[in-house]
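Visitor: build me a model from this:
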Amino acid sequence: AAYGPRLRSPSNALPGLLGRAFTFRRSASGSVVSTHMRQAGQLPVADLRPSRPIPSDEEALRPSRVTPADPFRSVVTTPGVSRGPAGARPLGTGPAAPNAPALRGQKEGHMADPTRVAAPIGGDDKIMSFETGQLAGLAGGAVMAGMGDTRILVTATGAKHVREGARFIANSATGIDFFPLTVDIEERMYAAGKIPGSFFRREGRAPESAILTCRLIDRPLRPSFPDGFRNEVHIVGTVMGADQQNPYDVLAINAASAALMISDVPFEGPIGAVRLAYSTDGEWIAHPTYEESDEATFEIVVAGRQLDDGDVAVMMVEAGGTEKSFQYYDEGAPKVDEAALATALQECKPYIKAAIALQQELVDAVGAKPTMSFDVQVDYTDDIYAQVESLGGERMNEIMQIADKSERGAAEDALRTELVDRIVPELVTAAVAEGADEATAQAQATKQVKSAVRSLSKNTVRTRIVRDGLRIDGRGLRDIRPLSSEVGVLP
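Guide: Here you go, the predicted structure:
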């Protein structure tokens, strides 16, 4: 690349011609000398060759036509045309070329103004904020969420069409039968003001905290997409700033919901989330800091959506004791019982409503994109499920009352095989009459009937639990299976 009016640094490396790398540095005489880098394995470091002197500002800015034979420039420039983007400095820190045209659609000297909403949540000293419009403009939706000095950028993008081979009924009998939602969390050391150094000079794999945060985001969001929506959706959260006081995981759940709300992905949100910590005084603290969590005996993360009547439907609960809980219990701290957990599930609702209201405020400020159209993908038709339920509903109810797991599984497999043998030939005959390939119709019909039998099994188990209060192995809702432990198993 063409160098600028002055080389400010003592060493500047750039790719040379013929696949070789050069290192440029200032010699004692003021000229620039180059040496092949030792890593390139071309010539020893002592092989130096003189270069032209450093040009003046006028010479550097003068338009010129350079040939590829010049060992110090590898880009052919044209008089009157900039060698880079508007305002760019090819090499060094000299002034930009005066004739540099602006890129199409670019406003010179102007960055996009973000739209920001903020509100106190979990106390007047804890403010949650959402920003959009400045970063990740090509994503379907991008939101920078913050609490304290912690910042996380969450983007949400959905595919316009179902992935090839994923159409369950229309095109393929081997397509995916699930919603391909992917959630990634990128933790970077620069968020804490650190740069990887010493032996490891690059970022490592995702830590356990990032993986757990992905699961926290996935669980409440996955049920909030329309039935039959099988387009790939990718949610990426990048931790931009970590103040070592406010955790980012619950903030990422709210930011992911907000990013989906302003995107074109069909999403039945918004979803709000909050973390509560049970203090040693017996009080629930909303959005606790790391210090407040360390001083608590129990933590619970709740996510939910707001119903039309104003109540909150809880969609996900993650709870557990802290590392020092036993120490605090020994010191007389109140223990968490069912009454305390019931109180937490009620106290979390105002904070979830506040997070949802803040997301809705962001949507009202920037406006939501038109929802993309999508082809509904189904595992089976309503007619097939009705036929399966009619032929095997009573037997499935009897099978689900078998307490032994092996015996129950064998009986269910036998029923599935029988239903496939009775229903599939009728479906194949009808499909072939419409011009379908017999082998393809056979595979599709078999997969649809098996999926319908699986759904019938699940619905039967749920019905027995809700209606009769019996679980699949015959235990009641309050019964615990026999538990035992043994030591000395290994020598």
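Visitor: at which residues are the strands of the stretch 101-250 of the chain located?
Guide: Secondary structure of the stretch 101-250 of the chain (DSSP state E, counting those that start in this stretch): strands at 115-120, 127-132, 141-147, 150-158, 181-186, 233-241.
Visitor: what number of residues lie near Ile211?
Guide: Counted by other Cβ atoms under 10 Å, the residues lying close to Ile211 total 14. All C-beta spots, glycine's among them, are computed from the backbone N, C-alpha and C.
Visitor: where does it land on pLDDT?
Guide: What the model reports as pLDDT for Ile211 is 92.
Visitor: quick one: it from Met147, how far?
Guide: 21 Å (Cβ to Cβ, to the nearest Å).
Visitor: and for Glu203?
Guide: For Glu203, the distance to Met147 - Cβ to Cβ - is 24 Å.
Visitor: who has more neighbours, these two?
Guide: Between Glu203 and Met147, Met147 has the larger neighbour count (other Cβ under 10 Å), namely 24 against 12.
Visitor: you'd agree the more buried one is up against Asp125?
Guide: No - the criterion here is Cβ atoms under 8 Å, and Met147 misses it with Asp125 at 10.6 Å.
Visitor: what does the pLDDT read for Val466?
Guide: Val466 carries a pLDDT score of 91 in this model.
Visitor: ignore the last one, Gln444
Guide: 87.
Visitor: what's around it, how many residues?
Guide: Look at Gln444: counted by other Cβ under 10 Å, it has 25 neighbours.
Visitor: pretty sure it sits in a strand.
Guide: No - applying DSSP: H, G, I helix; E, B strand; the rest coil, one finds Gln444 to be helix, outside a strand.
Visitor: what about it, distance to Lys450?
Guide: Distance, Gln444 to Lys450, using Cβ to Cβ: 11 Å.
Visitor: where does this protein dip in pLDDT?
Guide: Along the chain, the parts satisfying pLDDT under 70 run over 1-111, 123-124, 164-175.
Visitor: sec struct for Glu299, please.
Guide: In three-state terms, and counting by three-state DSSP, Glu299 is strand.
Visitor: which residues are in contact with it?
Guide: Residues near Glu299 by Cβ atoms under 8 Å, 6 or more residues apart in numbering: 275-278, 288, 293, 319-322.
Visitor: what pairs with it across the strands?
Guide: Ala277, Gly320 (DSSP bridges).
Visitor: likewise for Met144?
Guide: In beta-bridge terms (that is, DSSP bridges), Met144 pairs with Glu131, Leu153.
Visitor: same thing with Gly241?
Guide: For Gly241, the beta-bridge partners are Arg151 (DSSP bridges).
Visitor: number of nearby residues for it?
Guide: Considering only other Cβ under 10 Å, Gly241 is surrounded by 18 other residues.
Visitor: ok, back up a step: most tightly packed of the strands of the stretch 101-250 of the chain?
Guide: The highest average neighbour count among those, using mean count of other Cβ atoms under 10 Å, belongs to strand 141-147 at a mean of 26.
Visitor: distance of the closest residue to Pro114 other than its chain neighbours relative to Leu260?
Guide: The shortest distance from Pro114 to any non-neighbouring residue, by Cβ to Cβ, 6 or more residues apart in numbering, is to Gln134 (3.9 Å). From Gln134 across to Leu260, the span is 19 Å (Cβ to Cβ).
Visitor: same thing with Asp413?
Guide: 40 Å.
Visitor: so between the two, which is more surrounded?
Guide: Leu260 (30 against 12).
Visitor: and the contacts of stretch 266-273?
Guide: Counting by Cβ under 8 Å, 6+ apart, 216, 220-221, 224-226, 229, 250, 253-254, 257-258, 260-261, 301-306, 312, 315-316, 351-356, 359-360, 363, 371-372, 374 sit against stretch 266-273.
Visitor: now the buried members of those.
Guide: Among those, those classed as buried by neighbour count (16 or more other Cβ atoms under 10 Å) are 216, 220-221, 224-225, 229, 250, 253-254, 257-258, 260-261, 301-306, 312, 315-316, 351-356, 359-360, 363, 372, 374.
Visitor: the one helix or strand Ala386 maps to: what's the following helix or strand?
Guide: Assigned by DSSP states H and E, Ala386 falls within helix 382-399. Under the assignment DSSP H and E, the closest C-terminal helix or strand after helix 382-399 is helix 405-433.
Visitor: packing partners of that following helix?
Guide: Contacts defined by 3 or more Cβ pairs under 8 Å, 6 or more residues apart in numbering; DSSP states H and E place helix 405-433 against helix 382-399, helix 438-463.
Visitor: buried set for the longest one?
Guide: Read it as helix 438-463. Going by 16+ other Cβ under 10 Å, helix 438-463 has these buried residues: 441-454, 456-457, 460-461.
Visitor: check the first one too.
Guide: Within helix 382-399, the residues that qualify as buried are 384-385, 387-389, 392, 396, 399, counting by 16+ other Cβ under 10 Å.
Visitor: about what we covered before: the helices and strands packed on helix 405-433 into a markdown table, with extra columns for distance to Ala431?
Guide: Formatted as a markdown table, those follow (distance: least, Cβ to Cβ, whole Å):
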| stretch | distance to Ala431 |
| --- | --- |
| helix 382-399 | 12 |
| helix 438-463 | 4 |
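Visitor: wait, which of these is closest to Tyr190?
Guide: With Cβ to Cβ as the criterion, Tyr190 lies closest to helix 438-463 of the helices and strands packed on helix 405-433, at 45.9 Å.
Visitor: between helix 382-399 and the closest one, find me the angle.
Guide: 50 degrees (axes from the mean of the first three to the mean of the last three Cα atoms, to 10 degrees).
Visitor: now do helix 438-463: which elements does it pack against?
Guide: Applying 3+ Cβ pairs under 8 Å, 6+ apart, we find helix 438-463 packed against helix 382-399, helix 405-433.
Visitor: and the last one, how far out from the chain's middle?
Guide: Right, the one you point to is helix 405-433. Taking Cα atoms, centre = their mean, to the nearest Å, one finds helix 405-433 lying 38 Å from the centre of the chain it belongs to.
Visitor: quick one, that helix and helix 438-463 angle?
Guide: Angle of helix 405-433 versus helix 438-463, following the same axes, to 10 degrees, is 140 degrees.
Visitor: can you check the shortest one too?
Guide: Orientation of helix 382-399 against helix 438-463 (the same axes, to 10 degrees) gives an angle of 50 degrees.
Visitor: and helix 382-399, how far from the chain's centre?
Guide: Per Cα atoms, centre = their mean, the centroid offset for helix 382-399 relative to its chain is 38 Å.
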